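1. Quick one, structure for this:
(2 chains)
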Amino acid sequence: MAKITFQDAVTKTVEVPDGTNMIEAAKLAGVEIPHFCYHPRFTVVGQCRMCLVEIDGMPKIQAACTTPIKDGMVVKTSSPKTKDAQKSTMEFLLINHPLDCPICDQAGECKLQDNSFGYGFQQSRYDERKKQYAGYSRTKIGPRVIADMTRCILCTRCIRFTQEISKTGELTFLDRAGSTLVWTHEGRELDNDWSACAADVCPVGALTVEEFRFRQRVWYLKKTPSVCPGCDIGCNNSIESRGETVYRYMPRLNPDVNDYWLCDHGRFLSESLNERAYTRPIARVSGDDTFPGWEPVLDRTVAALRETTGANVLALGSAHLSNEENWLLRKLFGDTLGVPNLDVVADGDRVRTMPSKHGWIESSGVAAANLRGARDAGLAPRAGGKGLEDVYSGAWTPEIVYVADGAFSRDADHPDRVAALRRATLLIVHARTENLLTREADIVLPCASLAQKDGTFTNRFGRVQRFERAMLPKPPVKADWEILLALALKLGFGDPGWNPLSIFPLLAADVPGYAGFDEAQLEGGLTMKKGLFVSEGGL
Amino acid sequence: MAYERTLLARIDKENSRSIDGYVRDGGYQAWEKILREKPEPASIAETVKKAGLRGRGGAGFPTGVKWTFIPKDTKGKPIYLVLNADESEPGTFKDRLLIERDPHLVLEGMAIAAYAIGCKRAYIYIRGEFWDGARILNDAIREANEKGYLGENLKGSGVALEIVVHRGAGAYICGEETALLESLEGKRGQPRVKPPFPAVSGAFACPTIVNNVETIACVPLIMNRGAEWFASIGRNEKNTGPKLYCLSGHVNRPGVYEAPMGLPLKELIFGDAFGRGMRDGRKVKAVIPGGASAAMLTPAEIEDCPLDFDGVAAKGSMLGSAAIVVMNEDTCMVRAARNLAKFFAHESCGQCTPCREGCPWLLTVLTRIEAGAGRPEDIALLSAVAKQMNNGMTLCVFADAAVAPVLSTTGKWPDEYAYHVEHRRCLVGARQEAFA
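-> Numbers count the residues shown, from 1 in each chain, chains lettered A, B, ... in the order given. Predicted coordinates for the structure are as follows:
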């Protein structure tokens, strides 16, 4: 352990393990040392020279990121010498920078902007021609990322990302001295499973993600902690939205899962959250849509369920639904109505990989986030019960099919399989997007997107992680759990005060293995705010 | 008393580069003795320490001390010796002479140094432009392998040493030892973060010692003639041994000269055995004492400047690679500074912000002043920008080198800058016209 003192506006001393980077030690002390090239997961290169600090007993100014800490060290983070050095670096960084922040897409999340305001000065003594990069500005260097070398400050974070994290090594320095630039190796593209992370680590607007470019000013975006729906690794991400539109997913730090990263596949699922085909409950009468509102539709469902016995009902959960929703489904159909025919399926996918802090982790090869959670909740045929395969094979035709997620699988667009489900007398589907199954359904219950509800997912390793609601669904659309709870209340189960947060302890008491999860684990070790759980407008 | 040349003793002899000639002149005796007696490796480092040998590449770090920085326990990693034959400092051409005329002296020095540090595979990193040098070294290595001075189980001693020549690709910065190691590993040549120092983690992340060619060439001399002999040469006990000086510029007889460490600078320029004075009898205006990176000296400063590490440092400059460039009174100092600034702006590796951005900025302003378009505030701007680049502002000392000519010329010849800005022409040119 080493005691290290930072003389900032206030003097603070922290004790940190030997080998801690000085920038991290300063963070612990609550002192900010400005930097660009330093990143906690990359090799320290000490080349941006922004983190220069004066250290007692050292005659020369030192880069904080490369100076090994020693017990008793006194670091002057805001002495005149330190401030002059930081101003010098800022001046050098800006002499060839375009300074056209108003038309730069990085503005608002730009470290150059931040550090310029915090540590630079307003005037420049440079009135020469700025460098131009013919052929290297606003050019796609891969399927996702656009590079603009006029904005690059050559911190090499992106290069080190491709060398050390994705281990694909597409990027490199070209040329040298004042002509140095970052580009792909000749004949290569920045094309790997995590390529957009290279733009994430870019502190300036040199690398930007094509999908998000110029769609929204970042200071308008609301960040909501969420979990990626792409596979069962369960990467932590943030939904960045404005109003009712989701603009992007960004990675959210969780060293045990996705660390600072997000794969391109998961990242670009964000746009699918904006899709919506169904805005009202639909009851189809002889092929014609009617829109009677929630009460009549739910009453018809309840009446149908009461008229038959549990053995004639198939209740289909989903690997896309939250634990709370799948649990409600099981409690309602399995336990309350005595339906033995419960099931869940998920589409196959290639095995996806993520570089966590502890090494590579892999998905189990399904294209859904919560297959394990759905199975944990008890969604499998009970003794004597039938499953989805029995329906597909024609061995069994249920009277009522209740599909809690109309997009549960690619099966919902498979003509034969949809036809098999359609043989039921009553086909009830929760739906947001349209597919063959939802077009065939007798009752369509409009449900919220992942961005419009709260809940938890269980990843393939059993890690239960909470996602939060970024926005309310537009009434009369309801979250799946609200629909299930409304049905349950009509069938004599549940409590009108329930919401995902209050359901979880009930679930934890009921589902083996979930009892031990406390709040901290649920939140992936991160602080999350408590959200409001009930849709506006009520039931 | 005539000085007896030792480092350059053989360069004019016939067949100086063949192994037969070298052995005939007593070469490889020190190496054979080591192979025969197998002394404690630490004792060799001790001898070199006692001789007071300081690195001839520029920094002047005690060589024997450097060797002892290799960790006692390398955790199974091999130890490498790398010979820095990049010789990229402008004005320097001494290592080239040794390599081309007496390659076996260099190889014997490497063999002894390798033994001292426990190295079994050594590299020679030679400047890409030294095509002849690389060929000569490869020939010499082949000869030494054939004669059993290099290879496996040398002379039955169980000692092994392989030497590999690696040619650089032409970057000045690859003379800096960590950039050299990066380049040796096949990467882009740019300096590394220190610590860890090469002695702990150098080539291929293994303990590595990097020595200059001239430094290594001193080692067989020390082993043959003794540390006392070596230490007896020179101005004082901190600056010992024979030294090669590269003299160039407006002198009558430029060239590489061997002399004891601490040779007076005036003697080198004017002495009969050395430069024999200024060409056409012109006066000295400025002297670069240690390659392009060293601050320039004025005629007053060279009056009593001994050419050794501490002597030149006392004048606020450095001996560096001992490349002495002499400029006469007709030289425009703005132009000289711009010439050097152009070199540094071209050679910066580009990784650190102050150097990458500052070097071209200095060049732009110097170019403008020299072209007669300078502004009064430009002179202050030059030194202000230069002072934002040195003393720890960057990862390596390249930027310190790059600003040395700018700071020394603006500081010592301010009138020339002022004249350029005010009259939009050169002070020196104006004088010449007045004479005509």
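2. beta partners for the residue of the stretch 351-500 of chain A found nearest chain B?
-> Proximity to chain B, evaluated over the stretch 351-500 of chain A using Cβ to the nearest Cβ, is greatest for A:Gly359 at 20.5 Å. C-beta: built from backbone N, CA, C; applies to glycine. Beta-bridge pairing of A:Gly359 under DSSP bridges involves A:Ser356.
3. Make sure A:Thr11 is actually in contact with A:Thr5.
-> Yes: with contact defined as Cβ atoms under 8 Å, A:Thr11 counts as touching A:Thr5 (6.3 Å).
4. Give me the next element, helix or strand, following the lengthiest strand in chain B.
-> Counting residues, the longest strand in chain B under DSSP state E turns out to be strand B:242-249. Remark: after strand B:242-249, the chain's next helix or strand is strand B:255-260, criterion DSSP states H and E.
5. could I have that next one exported to CSV, CA atoms only?
-> Provided in CSV are the C-alpha atoms of strand B:255-260 (Å, rounded to 0.1, in the frame of the first residue of the first chain):
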residue,chain,number,x,y,z
GLY,B,255,37.1,14.3,-40.2
VAL,B,256,37.0,11.9,-37.3
TYR,B,257,39.8,12.5,-34.8
GLU,B,258,40.8,10.4,-31.9
ALA,B,259,42.1,12.3,-28.8
PRO,B,260,42.0,12.0,-25.1
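6. now that strand and strand B:242-249, what's the angle there?
-> With axes from the mean of the first three to the mean of the last three Cα atoms, to 10 degrees as the criterion, the two stretches strand B:255-260 and strand B:242-249 enclose an angle of 150 degrees.
7. Give the rounded mean pLDDT of strand B:255-260.
-> For strand B:255-260, the mean per-residue pLDDT is 97.
8. Remind me what it packs against, helices and strands.
-> Packing partners of strand B:255-260 (3 or more Cβ pairs under 8 Å, 6 or more residues apart in numbering or on different chains; DSSP states H and E): strand B:242-249.
9. So what's the gap between the strand it packs on and the chain middle?
-> Centroid separation for strand B:242-249 versus its chain: 11 Å, with Cα atoms, centre = their mean, to the nearest Å.
10. How confident is the prediction for the residue of the stretch 101-250 of chain A found nearest chain B, by pLDDT?
-> Closest approach between the stretch 101-250 of chain A and chain B, counting by Cβ to the nearest Cβ: A:Thr180, at 3.2 Å. As summarised for this prediction, A:Thr180 has a pLDDT of 95.
11. try the one 5 residues further on
-> In the predicted model, A:His185 carries a pLDDT score of 96.
12. related to what we said a few turns ago, in its sheet, which strands sit next to the longest strand of chain B, and in what direction?
-> Here the strand partners of strand B:242-249, with direction, are listed using DSSP bridges: strand B:255-260 (antiparallel), strand B:323-328 (parallel).
13. Mean confidence (pLDDT) on that strand, please.
-> Across strand B:242-249, pLDDT averages out at 97.
14. which residues touch B:Ser157?
-> Contacts here follow Cβ atoms under 8 Å, 6 or more residues apart in numbering or on different chains; on that basis B:Ser157 touches B:Leu35, B:Arg36, B:Lys38.
15. how about the nearest residue to A:Val16 once chain neighbours are set aside, secondary structure?
-> With Cβ to Cβ, 6 or more residues apart in numbering or on different chains as the criterion, A:Val16 has its nearest non-adjacent residue at 4.6 Å, and that residue is A:Ala25. For A:Ala25, the secondary-structure state derived from DSSP: H, G, I helix; E, B strand; the rest coil is helix.
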